[in-house]
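Asks: quick one: sequence and predicted model below, then my questions.
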Amino acid sequence: MRSRAHALAAGFAATALTLSPIALPAWGQGAAPAGDGAAIYNSAGCSGCHGANGEGGLGPSFPGNANLADAAIVASQIINGGGEMPGFGDTLDDAAIAAVATYIRGTWGNTFPPVTAEEVAAARAASAPAAPAAPAP
C-alpha cells in the first residue's frame, strides 16, 4: 500500500504534467506598471507553488530567503526556471520579470532593492546559448 506522502507526491507529479503555458496579459515592452509584480506573481501561477504569501510548498518559501539577495540569480531563475520550476522567459518580458523579482525581493519582510528591466536583460543575455561558430572558409 502506498504511503500518504507518496500519494501526495504522485498527485503533485500528475498536476505538473497537466500544466501548460498560460495566456498572460500583455504587460508591454519596457515598463510594467507599478505594483504589477503581485498581479503577475498571481496570474502567472507563481503562487501555486510558492504560496499566496510566499510561504512555499512545492517551490521554496520567500520570507527571509537569503537566496533572493542576488538580483541576477533571481532574474535568471524566473527566466530559465530550474528544478521543478518552469522558465517564464518566453512568456514574460524583461519589465514583467523585473516586477515579479522586485515583488518577491521586497515583500513578506524582505528588504532587497528593486530589480530593473536592464538587470533582467543582462541576466537573459548571460544565460542565452552561445551562437554556433561560423564554419571555416
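Replies: Thanks, I have the structure now.

Asks: C-alpha only now, for contacts and for neighbours.
Replies: Noted.

Asks: okay, now Gly82: neighbour count?
Replies: Gly82: 11 surrounding residues under other Cα atoms under 10 Å.

Asks: give me the residues contacting stretch 71-86.
Replies: Here stretch 71-86 makes contact (Cα atoms under 8 Å, 6 or more residues apart in numbering) with 59, 67-68, 87-90, 97-98, 101, 115, 119-120, 123-124, 127.

Asks: out of the residues you listed, who has the most neighbours?
Replies: Using other Cα under 10 Å as the neighbour test, these are led by Ile97, with 29 neighbours.

Asks: you'd agree that residue is up against Glu118?
Replies: No - taking contacts as Cα atoms under 8 Å, Ile97 lies outside contact range of Glu118: 10.6 Å.

Asks: for Gly87, give me the pLDDT.
Replies: Predicted confidence (pLDDT) for Gly87: 96.

Asks: and it, what element?
Replies: Under the criterion DSSP states H and E, no helix or strand holds Gly87.

Asks: how about the contacts made by it?
Replies: Contacts of Gly87 (Cα under 8 Å, 6+ apart): 77-81.

Asks: buried ones from those residues, can you make that a ChimeraX selection?
Replies: ChimeraX command restricting those to the buried ones, with burial defined by 16 or more other Cα atoms under 10 Å:
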select :77,78,79,80
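
Asks: would you reformat the contacts of Gly87 as CSV and include distance to Ser47, pLDDT and secondary structure?
Replies: Below are the contacts of Gly87 laid out as CSV (distance: Cα to Cα, whole Å; pLDDT from 0 to 100; DSSP: H, G, I helix; E, B strand; the rest coil):
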residue, distance to Ser47, pLDDT, secondary structure
Gln77, 15, 96, helix
Ile78, 13, 97, helix
Ile79, 16, 97, helix
Asn80, 18, 96, helix
Gly81, 15, 95, coil
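
Asks: out of the contacts of Gly87, which is nearest to Pro135?
Replies: Asn80 (29.0 Å; Cα to Cα).
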